[in-house]
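S.K.: Show me the folded form of this:
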Amino acid sequence: MSDLPVVIVGAGPQGLAAAAHLTERGLSAVVLERGSAAGAAVSEWGHVRLFSGWPELTDAAARRLLEPSGWSAPVSGFPTGAEWVSDYLAPLAAALGDRIRYGETVTGVARQGRDKVVDGGRRNQPFIVHTIDESGREGRVSASAVIDASGTWNLPNPAGADGLPAIGESAAADRISYRIPDDVSALAGSHVVIVGAGHSATHAVLRMSEVAHREPGTRVSWLLRRGSAANVFGGGAGDELPERAALGARAREAIDAGLIEIVTGFRVAEFVRRDEGLTIVAEDGREVSGVAHVFALTGFRPDTGILREVRVDLDRALEAVAGIASEIDPNIHSCGSVGATGARQLAQPEPGLFIVGAKSYGRAPTFLALTGYEQVRSVAAHLAGDHDAAARNDLVLPDTGVCGGAGGFDAEDGGCCAAPTALQIGSRPAIIG
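M.R.: Here you go, the predicted structure:
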């Protein structure tokens, strides 16, 4: 199998970095990308500004591949998704050239002539990656190893609090969006609801608060499943990524200004269509009514369908790679230094198969590009036989300044950094850390 390439699924930031590392080590790489260009998923949220700065958004091997062409790495600033693509991902893809095959959707990964059940001779068979192109033509690519960097972008979580779509959610699909909005001017003067507590939800809240500031008739409700808003505003001065801290600070200001109504402990159970708009019903019977549009930004989950015929070990709760799950569990951790990032922790029961990038984190929301770059550096070293380099951990993550995770899901304080204080929002008190 030494003559076969390593197949990488996905030409996003981690997939391209993996190809750069493999190329630098003299290994053949083939990148299969379903989109028509590199960074296709990033381009879909190109209007969003990242809270990571340029130094955290480029990979070392990718820089070494690009620099001989005259490209120089941006050293400061916080790009939008579109700028990340145009100033880094697109040039990197161009440098990788025909190693990338666009318009190729991976439909499955298997061992040649062996389904998932068969033990005999399994380890000695190459991988077979099944594909379908834009014209519907099916194909197969043989591989010595497979790196799945396909991400989670295509499978957003539903608004329903139990992990399944709420009653009426599918029927109300024309009123519900699962991506960070860009132009929200058409929603001026209406009642808009944001569901979710992460950075994507905060972005949406800030966009809608700008509309509410310009158009006083605009009503914005922010529904949180947790019993507290303690961790929503981030770690403040304790966050080592200042732009991430600024998101929370700006959200707090919007609430202080009365532009946002925050509702805690609201777990969506049902969407009901009425003449005046959608009514959102919580599991405890509370209702938010007259809603024109909902932004359900409750995270993403991995689609493991392409891996059904290979042997994988995923955490039963997070659907993350089992070897890293304990260090990224959002019930325990908010973010910070993660030791489990290398080939050893990412290895699957199927030798030569690795899941990297956001997909390796499953449903955990704390993935950063830096983590993915360290993952693919280690995996490439392992595949090249450089086990010392593969075992090394070069990753240092910026701290969030938030204590603990979501363990206090129902608690009113919800955090451990300081005693909570009451903040009056209109006539409704909220608890913040």
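
S.K.: Check the chain for me, the residue farthest from its geometric middle.
M.R.: Relative to the centre of the chain, the most outlying C-alpha is that of Gly120, 37.2 Å out, by C-alpha atoms, centre = their mean.

S.K.: Quick one: residues contacting that residue.
M.R.: By C-beta atoms under 8 Å, 6 or more residues apart in numbering, the contact set of Gly120 is Arg114. Every C-beta, even on glycine, is put in place using the N, C-alpha and C of the backbone.

S.K.: how near is it to Gly113?
M.R.: Taking C-beta to C-beta, to the nearest Å as the measure, Gly120 falls 10 Å from Gly113.

S.K.: for Val376, same thing?
M.R.: 29 Å.

S.K.: Compare these two and say which one has the larger neighbour count.
M.R.: Between Val376 and Gly113, Val376 has the larger neighbour count (other C-beta atoms under 10 Å), namely 31 against 11.

S.K.: ok, and what's touching the strand or helix carrying Val106?
M.R.: Secondary structure assignment for Val106, by DSSP states H and E: strand 104-111. Applying C-beta under 8 Å, 6+ apart, the contact partners of strand 104-111 are 9, 32-34, 116, 118, 122, 125-133, 138-139, 146, 148, 150, 305-310, 350, 353.

S.K.: could you flag which of the residues you listed are buried?
M.R.: 9, 32-34, 122, 125-132, 146, 148, 150, 306-307, 309-310, 350, 353 (16 or more other C-beta atoms under 10 Å).

S.K.: quick one: which of these sit in strands?
M.R.: Using DSSP state E, Val9, Leu32, Glu33, Phe127, Ile128, Val129, His130, Thr131, Ile132, Val146, Asp148, Leu353 are the members of those that sit in strands.

S.K.: Mind putting these into CSV with distance to Leu89 and pLDDT?
M.R.: Formatted as CSV, these follow (distance: C-beta to C-beta, whole Å; pLDDT from 0 to 100):
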residue, distance to Leu89, pLDDT
Val9, 16, 98
Leu32, 16, 98
Glu33, 11, 98
Phe127, 26, 98
Ile128, 28, 98
Val129, 22, 98
His130, 26, 98
Thr131, 22, 98
Ile132, 24, 98
Val146, 21, 98
Asp148, 19, 98
Leu353, 25, 98
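
S.K.: Tell me the spacing between the residue nearest in space to the middle of the chain and Val195.
M.R.: Centre of the chain computed as the mean C-alpha position; nearest residue by C-alpha atoms, centre = their mean is Ala358, 5.2 Å away. For Ala358, the distance to Val195 (C-beta to C-beta) stands at 21 Å.

S.K.: Buried residues, stretch 376-395. List them.
M.R.: So, applying 16+ other C-beta under 10 Å, buried residues of stretch 376-395: Val376, Arg377, Ser378, Val379, Ala380, Ala381, His382, Leu383, Ala384, Ala389, Ala390, Leu395.

S.K.: how about low-confidence regions in the stretch 1-150 of the chain?
M.R.: When residues are selected by pLDDT under 70, none of them lie in the stretch 1-150 of the chain.

S.K.: Show me where it has its helices.
M.R.: Along the stretch 1-150 of the chain, counting by DSSP state H, counting those that start in this stretch, helices occupy 13-24, 40-44, 60-66, 81-84, 90-96.

S.K.: Please convert those to CSV, extending it with mean neighbour count and distance to Asp182.
M.R.: Shown next, in CSV, are the helices of the stretch 1-150 of the chain (neighbours: other C-beta atoms under 10 Å; distance: least, C-beta to C-beta, whole Å):
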stretch, mean neighbour count, distance to Asp182
helix 13-24, 28, 21
helix 40-44, 19, 10
helix 60-66, 20, 28
helix 81-84, 20, 11
helix 90-96, 19, 20
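
S.K.: To Arg175, which of those helices lies closest?
M.R.: helix 40-44 (20.2 Å; C-beta to C-beta).

S.K.: What are the structural domain limits within this protein?
M.R.: Domains of the chain are assigned by automatic domain parsing as 6-154+300-391, 173-299+405-432.

S.K.: Tell me the gap between the longest one and the middle of its chain.
M.R.: I take that to be domain 6-154+300-391. 13 Å (C-alpha atoms, centre = their mean, to the nearest Å).

S.K.: Dump the C-alpha coordinates for stretch 288-304 into CSV.
M.R.: Output of stretch 288-304 as CSV, limited to C-alpha atoms (Å, rounded to 0.1, in the frame of the first residue of the first chain):
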residue,chain,number,x,y,z
VAL,A,288,-42.9,33.2,23.4
SER,A,289,-45.3,34.3,20.8
GLY,A,290,-45.7,36.6,17.8
VAL,A,291,-42.3,35.5,16.4
ALA,A,292,-41.5,36.4,12.8
HIS,A,293,-38.2,34.5,12.6
VAL,A,294,-36.0,32.1,14.6
PHE,A,295,-32.3,31.7,14.5
ALA,A,296,-31.6,28.3,16.0
LEU,A,297,-27.8,28.4,16.7
THR,A,298,-27.4,25.4,19.0
GLY,A,299,-24.2,23.9,17.5
PHE,A,300,-23.4,21.2,15.1
ARG,A,301,-22.9,17.4,15.2
PRO,A,302,-20.8,15.1,13.0
ASP,A,303,-22.2,13.1,10.2
THR,A,304,-20.5,9.7,10.6
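
S.K.: buried ones in that stretch?
M.R.: Buried, per 16+ other C-beta under 10 Å, within stretch 288-304: 288, 290-302, 304.

S.K.: which residues of the stretch 101-250 of the chain fall in strands?
M.R.: 104-111, 127-133, 138-143, 145-148, 176-177, 191-195, 219-223 (DSSP state E, counting those that start in this stretch).

S.K.: Distance to Pro158 added to these, as TSV?
M.R.: Putting the strands of the stretch 101-250 of the chain into TSV (distance: least, C-beta to C-beta, whole Å) gives the following:
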stretch	distance to Pro158
strand 104-111	23
strand 127-133	27
strand 138-143	31
strand 145-148	24
strand 176-177	9
strand 191-195	10
strand 219-223	14
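
S.K.: among those strands, which is nearest Arg250?
M.R.: Across the strands of the stretch 101-250 of the chain, Arg250 has its closest neighbour in strand 219-223 (13.2 Å, C-beta to C-beta).

S.K.: partners of the closest one, with directions?
M.R.: strand 191-195 (parallel), strand 261-263 (parallel) (DSSP bridges).

S.K.: I'd like the average pLDDT over the longest one.
M.R.: Think strand 191-195. The average pLDDT for strand 191-195 rounds to 98.

S.K.: Same check on the last one?
M.R.: Rounded to a whole number, the mean pLDDT of strand 261-263 is 95.

S.K.: next one: stretch 327-345
M.R.: What stretch 327-345 shows for mean pLDDT is 79.

S.K.: From one end of that stretch to the other, what's the distance?
M.R.: Taking C-alpha to C-alpha, to the nearest Å, stretch 327-345 runs 11 Å from one end to the other.

S.K.: Could you pull up phi and psi at Phe271?
M.R.: Main-chain dihedrals, Phe271, degrees, to the nearest 10: phi -120, psi 130.
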